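**Student:** Predicted model and sequence follow; I will ask about them next.
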Amino acid sequence: KAGVTQTPRYLIKTRGQQVTLSCSPISGHRSVSWYQQTPGQGLQFLFEYFSETQRNKGNFPGRFSGRQFSNSRSEMNVSTLELGDSALYLCASSSAGAGGPDTQYFGPGTRLTVL
Amino acid sequence: AQSVTQLDSHVSVSEGTPVLLRCNYSSSYSPSLFWYVQHPNKGLQLLLKYTSAATLVKGINGFEAEFKKSETSFHLTKPSAHMSDAAEYFCVVSDQVNDYKLSFGAGTTVTVRA
């Protein structure tokens, strides 16, 4: 099976712009989670989607949003970019059921740089 | 609330010698515990996971970890380090009380000397 794919791999934006990142999960996986990784804060949970619904949310401002499509692909959007949004954004998929996520498998990440 | 403490931010070993990465966790419910590895400019790769079965868990690339409930620890070991083991390692906990959200440790960077 193909792994989790994320596009684009690298992005450079300026403050105030918005950005959309894309994630395609492993075939058959219905849960997609997003994480932000920075040197200062480490890995932090953004949100999880399951069957097109947000099931869990981390402690991030409303500028961070996401969605999931019927084919389980997911996008996350960050509006009004700030310098502090520069990070590696990781997507993970799992074959989750109603009881919650199973083991999560990560994509290679999208490196966002905000100038 | 669940949390993870990785006791060493950096570990340096010689090639062919054992590796020990220490992890303590806090969880109010039966946790699932994971070790992931991240090579430079890559995503996270699952090494192994514990989900209330055998307390000694074997993973990929010769790694194993032992779940000790009495010590709330989940240390990662490998008998003989290889140069390709140089990477950052994350200990991760999740449980039902926290809706299975993953909580990551701060990471341990491993360097391997020739």
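**Tutor:** All right, it came through fine.

**Student:** count of residues packed around A:Lys13?
**Tutor:** For A:Lys13, the number of neighbouring residues by other CB atoms under 10 Å in any protein chain shown comes to 16. Where you see a C-beta, it was placed from the backbone N, CA and C, and this is true even at glycine.

**Student:** wait, A:Gly28
**Tutor:** 9.

**Student:** residues touching the residue nearest to it when sequence neighbours are not counted, list them.
**Tutor:** Spatial nearest neighbour of A:Gly28, excluding adjacent residues (CB to CB, 6 or more residues apart in numbering or on different chains): A:Ser95 at 6.3 Å. Contacts here follow CB atoms under 8 Å, 6 or more residues apart in numbering or on different chains; on that basis A:Ser95 touches A:Ile26, A:Gly28, A:His29, A:Arg30, A:Ser31, A:Asp102.

**Student:** Tell me which of those residues fall in helices.
**Tutor:** Using DSSP state H, no member of the contacts of A:Ser95 falls in helices.

**Student:** Of those residues, which is the most crowded?
**Tutor:** Most surrounded of these: other CB under 10 Å gives A:Ser31, at 25 neighbours.

**Student:** That one and chain B: what is the separation?
**Tutor:** 9 Å (CB to the nearest CB, to the nearest Å).

**Student:** What of A:Phe45?
**Tutor:** Taken as CB to the nearest CB, the span from A:Phe45 to chain B is 5 Å.

**Student:** how close does that residue get to B:Gly43?
**Tutor:** Computed with CB to CB, to the nearest Å, the distance linking A:Phe45 and B:Gly43 is 15 Å.

**Student:** Now render the contacts of A:Ser95 as a markdown table, adding pLDDT.
**Tutor:** Formatted as a markdown table, the contacts of A:Ser95 follow (pLDDT from 0 to 100):
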| residue | pLDDT |
| --- | --- |
| A:Ile26 | 94 |
| A:Gly28 | 91 |
| A:His29 | 91 |
| A:Arg30 | 91 |
| A:Ser31 | 91 |
| A:Asp102 | 73 |
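
**Student:** who touches the most centrally placed residue in chain A in this structure?
**Tutor:** The geometric centre of chain A, computed from its C-alpha atoms, lies nearest to A:Trp34 (CA atoms, centre = their mean), at 3.0 Å. By CB under 8 Å, 6+ apart, the residues touching A:Trp34 are A:Cys23, A:Phe45, A:Leu46, A:Phe47, A:Glu48, A:Gly66, A:Ser74, A:Met76, A:Tyr89, A:Leu90, A:Cys91, A:Ala92.
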